[in-house]
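K.L.:
next comes the sequence, and after it the predicted model I'd like to discuss.
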Amino acid sequence: MGKDVKIESHIPDFNDLASEVEARATATIANGEYRCIFLNPIATVLADEPTPAFFRAVRQQQRRWFKQADHVFPRSLRRSVREYIADSGRMSRTDRFLHRARCWTGVLYQDGWLIQPDRWKEIELPCNSDMIAQARSASSLR
């Protein structure tokens, strides 16, 4: 499959943002064709590896969604996402996090495992120039 990044666009269902993202995640992971999957209400980003190009596409699709959501949700609501995605305490903390992520920031999976947003930088592969420099260093040590 190579290092290509595939982006699929979607029309969000503003009455149920999270369920559509969850359904796409389940189907895409089950398909097993891609190791890295990012989903938000308007996009799915797919790649074999967590390359800088993959993460550029992820950030681009996050910005697209934020810009579109700005036109739909009032500023006061955006500042307090928990009010929009409120559950009156019925959801567990984990479920509440997942629901908010599916509706707002997006979710990232690698090899079928959910990656927490604070770990995204840890899994991003170094850019090609870094890989070339590392390979040169390794070969000069021989």
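P.N.:
Alright, I've got the coordinates.
K.L.:
can we go C-alpha only for contacts and neighbour counts from here?
P.N.:
Will do.
K.L.:
could you look up the SS state of the residue minimising distance to the centre of the chain?
P.N.:
With the centre of the chain defined as its mean C-alpha position, the nearest residue by CA atoms, centre = their mean is F38, 3.1 Å away. Following DSSP: H, G, I helix; E, B strand; the rest coil, the label given to F38 is strand.
K.L.:
now swap in L108 and tell me
P.N.:
L108 - assigned by three-state DSSP - is strand.
K.L.:
so who does it touch?
P.N.:
Going by CA atoms under 8 Å, 6 or more residues apart in numbering, L108 touches C36, I37, F38, L39, L114, I115, Q116, P117.
K.L.:
I'd like the distance between the residue nearest to the centre of the chain and V5.
P.N.:
Noted for F38: a distance of 11 Å to V5, by CA to CA, to the nearest Å.
K.L.:
again with L108
P.N.:
14 Å.
K.L.:
check I42 too.
P.N.:
Counting by CA to CA - I42 and V5 are separated by 16 Å.
K.L.:
with V107 instead?
P.N.:
16 Å.
K.L.:
what residues of whichever strand or helix holds Q61 count as buried?
P.N.:
Assigned by DSSP states H and E, Q61 belongs to helix 52-72. The neighbour-count criterion (16 or more other CA atoms under 10 Å) identifies A53, F54, F55, A57, V58, Q61, Q62, W65, F66, A69 as the buried residues of helix 52-72.
K.L.:
and the fourth one, what pLDDT?
P.N.:
This means A57. Model confidence at A57, given as pLDDT, is 97.
K.L.:
what sits closest to D111 if chain neighbours are left out?
P.N.:
In this structure, D111 finds its nearest non-sequential neighbour in R35, 4.8 Å apart by CA to CA, 6 or more residues apart in numbering.
K.L.:
oh, that last question was meant for L108, not what I typed.
P.N.:
With CA to CA, 6+ apart, the residue lying closest to L108 is F38, at 4.4 Å.
K.L.:
on that earlier part again, reformat the buried residues of helix 52-72 into CSV and put distance to A47 next to each item.
P.N.:
Listed next are the buried residues of helix 52-72 as CSV, based on distance: CA to CA, whole Å:
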residue, distance to A47
A53, 9
F54, 7
F55, 10
A57, 10
V58, 11
Q61, 14
Q62, 16
W65, 20
F66, 22
A69, 25
